[in-house]
Every structure is written in structure tokens, then in C-alpha cells.
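Asks: This is a predicted model, with the sequence first.
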Amino acid sequence: MYVDGANFRRIARHLGVNPQSVANWVKAHAEQLPAASLPETVEKAEMDELFTFIGDKKNKIYILTIVDRKTRCILSWSVVWKRTEEALQRMVDEAPKAKWYFSDAF
């Protein structure tokens, strides 16, 4: 049910159990899943960022991503307070290497 989009409360109501029980079951199952596989070779990688706010408009955070254009697999991601070249370079260094990198000029 969770994979199909139902939240913990909805599943709990349907099953007649506590929502925390559902959260525990989902967490236990997720821990048993194998690690996501990454592509062995990456031709083109897309680098992008999204910003959002935590609490009020003063606390901006950035979600940085590197995605394989062919498989749409997330190669790397990071959440940072400031969008810096160093943060992006760390992600590039840790992700599978690509032949070409594309971004919106960041």
C-alpha cells in the first residue's frame, strides 16, 4: 500500500493498527532491500539544483542532483545550505564518472 502511494495513517486506518506500527513495518522492509544499482557507464549526466525553505523564508536550502540522462538514475544528491562549486565538485567526485556533464551554467 505504501509503494502504491498510501500514507502511514491511511494504511493504519485500513488495517486497524497504529500508524507507528505501519512506519516500523515499512522501515524494516526498506532495510532488507538491496542497494540501488548504478549504471556502469554514463554517457551524459545532468546536474541541477532546487531550492526550498525550511520553516520561514530565511532558511533556504538547496537540493543538488546529478542524474544519468539515459536511465534517469540519480547518480548523486546532496542537501546544502549554500550552493557552492565545492559542494557540486564533491558530488561529481563521488558519483560514477560521465563522459559529458550538462547544467544550467551553475
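Replies: Cool, the structure landed. Worth saying up front: this structure is predicted, and the values here are computed from it rather than measured.

Asks: rest of the way, CA atoms for contacts and neighbours
Replies: Noted.

Asks: Could you measure from the residue sitting furthest away from the middle of the chain over to residue 34?
Replies: Within the chain, residue 16 marks the point farthest from the mean C-alpha position, 31.3 Å out by Cα atoms, centre = their mean. Using Cα to Cα, to the nearest Å, residue 16 is found at 30 Å from residue 34.

Asks: list the buried ones in stretch 32-52?
Replies: By neighbour count on 16 or more other Cα atoms under 10 Å, the buried set for stretch 32-52 is 42, 44, 45, 46, 47, 48, 49.

Asks: Quickly find the element holding the last one.
Replies: Residue 49 is part of strand 42-53, with elements assigned from DSSP states H and E.

Asks: Parallel or antiparallel, list what pairs with that strand.
Replies: strand 60-68 (antiparallel), strand 98-102 (parallel) (DSSP bridges).

Asks: right, and those - which one's nearest residue 54?
Replies: Residue 54 lies closest, by Cα to Cα, to one member of those: strand 60-68, at 6.4 Å.

Asks: Run through this protein and note the low-pLDDT ranges.
Replies: 106 (pLDDT under 70).

Asks: in it, which spans are helices?
Replies: Using DSSP state H, the helices assigned to the chain run over residues 8-15, 19-32, 85-94.

Asks: okay, the ones you listed in TSV with distance to residue 102 next?
Replies: Formatted as TSV, the helices of the chain follow (distance: least, Cα to Cα, whole Å):
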stretch	distance to residue 102
helix 8-15	38
helix 19-32	32
helix 85-94	12
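
Asks: how about those helices, which one is nearest residue 70?
Replies: It is, among the helices of the chain and with distance given as Cα to Cα, helix 85-94, at 17.4 Å.

Asks: show me the contacts for the residue nearest the centre of the chain.
Replies: Most central in the chain under Cα atoms, centre = their mean is residue 77, positioned 6.1 Å from the mean C-alpha point. Neighbouring residues of residue 77 by Cα atoms under 8 Å, 6 or more residues apart in numbering: 63, 64, 65, 66, 91.
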